[in-house]
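Participant: Make a model of this:
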Amino acid sequence: MELSPADIKLIVSTLQESDYDEAEVVVGDVRITVARGGARLASSALVAPVEMAAPAPSPVPAPSPVPAPAPAAAPAPAPMTAAPSAEPAPGDVQVTSPTVGVFWRAPEPGAAPFVQVGSTVAVGDTIGIVEVMKLMSNIAAEVAGVVTAIYVDNAQGVEFGTPLVSIRPEG
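Facilitator: From the prediction side, this is the model:
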């Protein structure tokens, strides 16, 4: 597996949006360490530069006498955020994603979800997981109460601030 420039940008943006000062990612023989400005890296070890082969030039086809039809427009990708109707009922507390990633409702494939609409939760109970580059972050209930809405599906991409669930506080 290789890291693309988009993967590296995701690692850097995830670090910027988190409370962490430093992150290290290892994929195969490639090790990337990123740190916030002014942070000192925990390891003073030097990392060998990664050599990347230049892409082979593509052959240019000869012009054709018949004009090619215009390519069809690609469908727009599905938005990563929840629908605008993800407004909590009055008095409910909305739990949002702390980072960009993939939301998982269950601890593993085939397992029961952490919570469902109607589930009672205590402060700190896990309501889901957000995965970023194979790093799993448990998302905890911020209040004790009853889950009144779940806004994202299992394995759905989320962004920072995406509403995940609403909880009606006890009492």
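Participant: shouldn't residue 97 be in contact with residue 151?
Facilitator: No: contact criterion C-beta atoms under 8 Å: residue 97 and residue 151 do not qualify, at 10.0 Å. In short, each C-beta sits where N, CA and C put it, glycine included.
Participant: Touching both of these two, which residues are there?
Facilitator: 162, 164 (C-beta atoms under 8 Å, 6 or more residues apart in numbering).
Participant: Flag every buried residue along the helix or strand harbouring residue 13.
Facilitator: Element membership for residue 13, per DSSP states H and E: helix 5-17. Across helix 5-17, burial judged by 16 or more other C-beta atoms under 10 Å covers 10-11, 14-15.
Participant: Specify which member of those is nearest to residue 26.
Facilitator: residue 11 (11.5 Å; C-beta to C-beta).
Participant: residue contacts, that closest one?
Facilitator: Counting by C-beta under 8 Å, 6+ apart, residue 11 has contacts 23, 25, 32, 34, 133.
Participant: rounded to a whole number, what's the mean pLDDT of stretch 140-155?
Facilitator: For stretch 140-155, mean pLDDT is 96.
Participant: Residues contacting that stretch, please?
Facilitator: Counting by C-beta under 8 Å, 6+ apart, 82-83, 86, 88-89, 92-93, 95, 102-106, 113, 115-127, 158, 162-170 sit against stretch 140-155.
Participant: For residue 129, see how far away residue 152 is.
Facilitator: 12 Å (C-beta to C-beta, to the nearest Å).
Participant: Overlap in contacts, the two.
Facilitator: residue 103.
Participant: So between the two, which is more surrounded?
Facilitator: residue 152 (24 against 18; other C-beta atoms under 10 Å).
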